[in-house]
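> below is the structure, and that's it, no one-letter string:
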């Protein structure tokens, strides 16, 4: 094996590993309201028991620190640390099969997410044939 072919092989594997790591939804994301275009919060997506979940880590311009619009167990609970996405499973280039909760609407939707590049996450919540998609931006 020549020095050139060894270098080429090392470069190929380095790029392959870097692209595999970069194609992860894990991280902190800035959420953007699809109706107003304004930043709403920061959500951390993380892996737990082989599935992906998301929790609010920061609200932008909150009117309250607790969820007054929520019902059930979430009523009056702090937004910070609230799990709003759960049971997402990797399937090819998407994560799906889980659910996402909207505190402002007090509703839970089926969810599908996918990356567009490394720093844009599309988040789709849907009920039957009706859906809405938000664009989230990677912070870290």
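Right, received. Where do you want to start? Please read these numbers as outputs of a predicted model, since none were measured by experiment.
> so how far is residue 119 from residue 70?
30 Å (Cβ to Cβ, to the nearest Å). (Glycine included, C-beta is placed from N, CA and C.)
> of those two, which one has the most company?
For residue 70 versus residue 119, neighbours defined as other Cβ atoms under 10 Å are more numerous around residue 70 (19 against 13).
> just checking, that one is part of a helix?
No. Residue 70 is assigned coil when assessed by DSSP: H, G, I helix; E, B strand; the rest coil, not a helix.
> how close does it sit to residue 78?
11 Å.
> ditto for residue 89
28 Å.
> do the same with residue 40
From residue 40 to residue 78 the distance is 16 Å (Cβ to Cβ).
> also residue 67?
8 Å.
> make sure residue 73 is indeed in a strand.
No. Counting by three-state DSSP, residue 73 is located in no strand; its state is helix.
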